[in-house]
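Colleague: Fold the following, please.
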Amino acid sequence: MRIQKRLFLLTFLTLFTSHCALLPPGNSQTDFSLFAFLFGLVGGSPGSSQNLTPGTTIDLSGDGKPDGTLVDSDGDGVSDGINLTGGTTPNLILIDTNGDGTPNDTVIVAILNDTTAPTLTSSLLAGIFSTTQTTTLTCTDNRAPGSLVYSLDGSTPAFSPKNGIVITTSSKAVSLSTEGTHTLNAFCRDLAGNLSTPLSMVYTIDTQVPAISIVSQSSLAISSQAGAIGTSTATWRSNRTGSFTVREGSACDSGTIAATGTATANVDQTFVRSHTHFTGEATKTYRICVTGSNALVGFASASLQRDDTASVVSADPGAGSYGTATSVSLSCSDTGGSGCDQIAYAVQAGSAPANPAIQGTTGTVSSGTLYTSAIGMTDGTVTYTKFVARDKAGNVSSVHSANYTVDTQVATITVNSHTAAINGSSNVTLSWQSSKAGSYQIRLGGSSCSTGTALTNTGSNANVTGNIATTTDTSTTIANSQFVEGENTIRICVANLIDSFGSTTRTTNKDTTAPVVTMSSPSGSGPFTSGTQLQLSCSDTGGSGCDKIIYTLNGT
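Modeller: Numbers count the residues shown, from 1 in each chain. As a prediction, the model looks like this:
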């Protein structure tokens, strides 16, 4: 009698296109992969034999509901297949026999009578990961592994009622990609229905890089000079807890280490540097690096400069005299490199003010005024200014001074009286006053207050030079000898604070030639009859002109 050692598995007639598959004898796990797909998970209790009696219902899908019935198609009392559609004809042939009532291939029977639980393993261990991970779940069994069921939400997976994801193969790659901490729970069962020990794995997917922020920095520059800023404190924080390193330079894995420690999430940390950490004037960059629990590194950088050189202040325009309204702008340059921070000044008309002062460490102006805009100079006086500067490292310059004389007005001169003509011996007198106080000068001739002859208070001259008060009458005398024959121009000049002049002129004629008197009628020497009219005339070649004629009739 020929024994057929083949097992034909027919597809479900109502679901798939009919086909057959050859499953060789043996108990290798791979021999039953196709069987596991088609047959599903046959219900059964571990530790008990499966009931293969014809008429027994079978749960193929594992949902707790019967899907088919074992049937005896040849009437020998042995189940030959499973009917899925009702009736006695098997849709799924289990065993091909030779008709003697004994199965020739006992693999299925061995599987169904298996009481050894399968084993479920994961290729990935629990841990914290900075990228998406994949773990392979593998179910192994001494006879035939069946299906897997797993959950990623921490709940307990189950085949029936279904909870989680059911996989009908013995091995499955599962993606772990959701950010945060999660629990993978899983178990498997073999084709006999034996359940593995549950597998539970806690894992964390953390792709976040620590974010570092510089909250504040007390100063961007420091100095070795007394009274300046000697240290700087940087306050920083990380949004993730982790170990930190502060290095000089721009890298997290190289450069001199300045500080190390542990940073707590969202808690301020401080980093202090002194001018003693520098060998001289220079700028250093410090990189703060925080390594999170996922091994990712976040960083932020802070710069600090050592500047030992004080700033220099300049004024525009510079000190001097100005005939127009003048405002002075102050500016600052800093060769040390940290940059100018502020300027303080003191200003006073007529006399020098007290020195301005700035406190180096705080920038407080303790004397004077903080400079913010151009300073207007007072008109008609001398404005004394002093200024001092501070740079960002707290270095304070020495006090500088600049004085500004601004006078936009010239004097208006009023002559009350003057001598218009003189002879060869008389002097000239003038009475005059000025609308502005100032120094004055009397000049003869010339065309301006810088030409002609400047007179001095010598000889018979009086008050030809000096200082005059506002609207005060001044009497000036000019000696006869200062004048030349003929017409002479007298110029009165009054200077303002910047030596711009107000002036006026008067003319005086010097005439040393006597006039000539003649009697034009009657002619002769008389005697004349009573009632005769005398006609007298005068001529003057000296140029001053005849002034008056006097006469007598009594011989005196």
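Colleague: what sits up against the helix or strand where Thr235 lies?
Modeller: Using DSSP states H and E, Thr235 sits in strand 231-238. The contact list for strand 231-238, computed with CB atoms under 8 Å, 6 or more residues apart in numbering, reads 210-222, 244, 263, 265-275, 286, 288, 290, 298, 300, 302, 304. Every residue, glycine included, has its C-beta placed from N, CA and C.
Colleague: Need the buried ones from those residues selected in PyMOL.
Modeller: Buried subset of the contacts of strand 231-238, written as a PyMOL selection, criterion 16 or more other CB atoms under 10 Å:
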select buried, resi 210+212+217+219+220+221+222+244+263+269+271+273+275+286+288+290+298+300+302+304
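Colleague: For the stretch 201-350 of the chain, just list every one of the strands.
Modeller: In the stretch 201-350 of the chain, the segments counted as strands under DSSP state E, counting those that start in this stretch are 212-217, 221-222, 231-238, 242-248, 257-263, 269-274, 282-292, 297-306, 312-316, 320-322, 327-333, 340-349.
Colleague: in its sheet, what does the fourth one sit against?
Modeller: Paired strands of strand 242-248, with direction, are strand 257-263 (antiparallel), strand 282-292 (antiparallel) (DSSP bridges).
Colleague: list the buried ones in it?
Modeller: 242, 244-248.
Colleague: and the strand holding Thr235, how far out from the chain's middle?
Modeller: 16 Å (CA atoms, centre = their mean, to the nearest Å).
Colleague: With stretch 262-279 instead?
Modeller: With CA atoms, centre = their mean, you get 21 Å for stretch 262-279.
Colleague: Dump it to PDB, keeping only the CA atoms.
Modeller: Extracted in PDB, the C-alpha atoms of stretch 262-279 (Å, rounded to 0.1, in the frame of the first residue of the first chain):
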ATOM      1  CA  THR A 262      25.100  69.800  35.800                       C
ATOM      2  CA  ALA A 263      22.300  72.100  34.600                       C
ATOM      3  CA  THR A 264      18.800  71.600  35.800                       C
ATOM      4  CA  ALA A 265      16.100  72.400  33.200                       C
ATOM      5  CA  ASN A 266      14.900  76.000  33.300                       C
ATOM      6  CA  VAL A 267      17.000  76.900  36.300                       C
ATOM      7  CA  ASP A 268      19.400  79.800  35.900                       C
ATOM      8  CA  GLN A 269      23.100  79.100  35.900                       C
ATOM      9  CA  THR A 270      25.900  81.700  36.200                       C
ATOM     10  CA  PHE A 271      29.400  81.900  34.700                       C
ATOM     11  CA  VAL A 272      31.800  84.500  36.000                       C
ATOM     12  CA  ARG A 273      35.000  85.700  34.300                       C
ATOM     13  CA  SER A 274      37.600  88.200  35.500                       C
ATOM     14  CA  HIS A 275      40.200  90.400  33.800                       C
ATOM     15  CA  THR A 276      42.700  88.000  35.300                       C
ATOM     16  CA  HIS A 277      41.500  85.300  32.900                       C
ATOM     17  CA  PHE A 278      43.100  87.400  30.100                       C
ATOM     18  CA  THR A 279      46.700  88.100  29.500                       C
END
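Colleague: which residues are in contact with that stretch?
Modeller: So stretch 262-279 is contacted by 215, 222-224, 230-244, 246, 258-259, 261, 284, 286, 288, 290, 302, 304, 306, 308 (CB under 8 Å, 6+ apart).
Colleague: In the chain, where is pLDDT below threshold?
Modeller: 1-50, 61-63, 73-75, 80, 85, 87-109 (pLDDT under 70).
Colleague: ok, 50 please
Modeller: Filtered on pLDDT under 50, the chain yields the residue ranges 1-48, 95, 97.
Colleague: Let me see the domain layout of it.
Modeller: What automatic domain parsing lists as the domains of the chain is 1-113, 119-205, 212-306, 312-402, 413-510, 514-556.
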